[in-house]
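A.B. asks: Sequence and predicted structure below; questions after.
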Amino acid sequence: MALGHVMSEDPFRPVPSCSHSFDLSALSGVEVTSQYEMGNAQFAWIKVTFKNPQLQVRASPEHVVVTQNRRNTAYKWKETLFSMMPGLKMTMDKSGLLLLSSPDKVTIGLLPWDGPGAGLRLLLRDTDRFSSHVSGTLGQFYQDVLWVPPVAADDSKRTLRVRGHDYSATRELKLDYQEGLPGTEISCWSVKL
């Protein structure tokens, strides 16, 4: 399985690909779980749970369902949405970008995929706001990551050391769809898990 991470100046970085499910738990009270389909190379669903305020956002390619106080509200993608509550701002624009932001937490972006096949994209901003106890398949890559210097003149292959484990990383050109189709070619690091 490959893990791609965009190494760019863009403050909104696409989340790396992972298999089946992942958990980015942080003591700050945000948990992200999902189902990633390797065959389609996209997320089938993504669920974001906040402890304060107590709120859950479950996104599928068809719609977004927000649950608060045991009440569900469904939204179609690309509807305009703006909701402010203590500790959380939730917005969706006409392009379908749903942003979940808080002054002291990671900003989470969810975006439906308009290309071939139905799926979702997960974007993260302000990743320096993750708790030092962030965990999970992807969470481990947001704390104490060490790039081992290349051993040869070829800087397209590196070793990534995370929490005592070494991962082989390869620089590859990938398509970035943040600006829509057909995508922009960018340089990414892919990590085999």
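C.D. replies: Perfect, thanks for sending it.

A.B. asks: count of residues packed around residue 92?
C.D. replies: 22 (other CB atoms under 10 Å). Backbone N, C-alpha and C define where each C-beta goes, glycine included.

A.B. asks: Tell me the pLDDT of it.
C.D. replies: pLDDT, residue 92: 92.

A.B. asks: Helices of the protein, residue ranges please.
C.D. replies: 136-139 (DSSP state H).

A.B. asks: In it, where's the longest strand?
C.D. replies: Counting by DSSP state E, the longest strand found in the chain is strand 165-176.

A.B. asks: So what are the sheet partners of it and their directions?
C.D. replies: According to DSSP bridges, strand 165-176 has the following sheet partners: strand 157-162 (antiparallel), strand 184-192 (antiparallel).

A.B. asks: Which one of those has the poorest average confidence?
C.D. replies: Mean pLDDT across the strands paired with strand 165-176 is lowest at strand 184-192; the value there is a mean of 83.

A.B. asks: and it, C-alpha only, in CSV?
C.D. replies: The C-alpha coordinates for strand 184-192 follow below in CSV (Å, rounded to 0.1, in the frame of the first residue of the first chain):
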residue,chain,number,x,y,z
THR,A,184,-2.0,19.5,-11.7
GLU,A,185,1.2,17.4,-11.6
ILE,A,186,3.1,17.8,-8.4
SER,A,187,6.0,16.0,-6.6
CYS,A,188,5.0,13.7,-3.8
TRP,A,189,6.6,11.2,-1.5
SER,A,190,5.1,7.7,-1.5
VAL,A,191,5.6,5.5,1.5
LYS,A,192,5.1,1.7,1.5
